[in-house]
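Q: sequence and predicted structure below; questions after.
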Amino acid sequence: MNKPYNYNKAEFLNGIARLSQLPEDVGYEVAFAGRSNVGKSSALNAITNRRALARTSKTPGRTQQINLFTLDVERRLADLPGYGFAKVPNSVKKQWYALLETYLQTRASLRGIIVFMDVRRPFMEFDVRMLDWCTESGVPTYIVLTKSDKLKRGPALAMVNTVKKRVIEEYGVITPRNGGLPEAIKVQLFSSLKKEGVAEVHAQLDYWLSIQNIK
Ligand code: GDP
């Protein structure tokens with residue numbers, strides 16, 4: 001059994017625009033990534049059972065930062081925003097992607113990433129980049145399909161299978177670069193509105209946050 005952590009203890013630590021500002025690369029970090037408007041903030045609030053925790057990530061100036069939340073002295077969540085790209089010049093977009101890519105490739109304490117995709121529109125450009133970078137660099141990846149209440153049950157479950165099939169075909173099993181057993185990408189439905197899927201996310205976080213054997 002993995003230790004269940006107390007996710008409502010999450011506290012905002014800081015927002016960083018350069019990797020040199022990250023806290024010391026020790027302990028355990030789990031990242032959350034998603035395009036803007038995918039429902040990531042609502043999900044983060046539901047997962048931590050805090051009504052406005054992730055509002056911090058949305059305040060002006062913080063939308064292009066990695067926002068860190070501490071759970072305890074050695075465990076953190078990192079919120080990786082993918083903003084509304086339509087409004088953003090290409091140079092800014094490039095710079096942001098470069099920062100995310102380097103973070104995902106080099107952060108030793110990163111134990112896993114949850115990629116949030118809209119159940120009605122999975123595999124948008126940002127999503128695919130995240131999946132490519134994480135799987136290439138051995139970051140265990142977990143997919144949460146948001147706003148599941150927007151689809152009827154049948155189509156929602158069918159989408160889970162479609163997404164699972166595609167990630168198995170494209171990415172196979174990921175061998176974690178910093179220890180732990182090889183993991184296939186899991187896929188689940190989530191609705192902040194209906195509070196669906198919170199326990200499953202907790203179980204995955206519990207697992208990643210308790211893997212001891214870092215290389
Ligand atoms: P973020 O930009 O990814 O952080 O997205 P937000 O959490 O701010 O949500 C974007 C919009 O989607 C808001 O209008 C939310 O009310 C809505 N939303 C978020 N989660 C859900 C959900 O589970 N179901 C439905 N129907 N709407 C949601």
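A: Nice, thanks for sending it over. Numbering: from 1, shown residues only.

Q: show me what contacts the residue minimising distance to the centre of the chain?
A: Centroid-nearest residue in the chain, with C-alpha atoms, centre = their mean: F32, separated by 2.1 Å. Neighbouring residues of F32 by C-beta atoms under 8 Å, 6 or more residues apart in numbering: K40, A43, L44, L77, A78, D79, L80, I113, I114, F116. All C-beta spots, glycine's among them, are computed from the backbone N, C-alpha and C.

Q: repeat that with 6 Å
A: By C-beta atoms under 6 Å, 6 or more residues apart in numbering, the contact list for F32 reads K40, D79, I114.

Q: and the residue lying closest to E101 once chain neighbours are set aside, how many residues sit next to it?
A: Excluding the flanking residues, the one nearest E101 by C-beta to C-beta, 6 or more residues apart in numbering is W133, at 5.4 Å. Per other C-beta atoms under 10 Å, the neighbour tally for W133 reads 20.

Q: show the backbone phi and psi for W133.
A: Phi and psi for W133, reported as degrees, to the nearest 10, are phi -60, psi -40.

Q: then the one 5 residues further on?
A: G138 adopts backbone torsions of phi 70, psi 40, taken as degrees, to the nearest 10.

Q: before we move on, the earlier item: so the residue nearest to the centre of the chain belongs to a strand, correct?
A: Yes. With DSSP: H, G, I helix; E, B strand; the rest coil as the criterion, F32 is located in a strand.

Q: per-residue confidence at it?
A: With respect to pLDDT, F32 scores 97.

Q: can you tell me how far the residue lying farthest from the centre of the chain is from the ligand?
A: Most distant from the centre of the chain: G154, at 25.6 Å, with distances by C-alpha atoms, centre = their mean. Relative to the ligand, G154 is positioned 18 Å away (C-beta to the nearest ligand atom, to the nearest Å).
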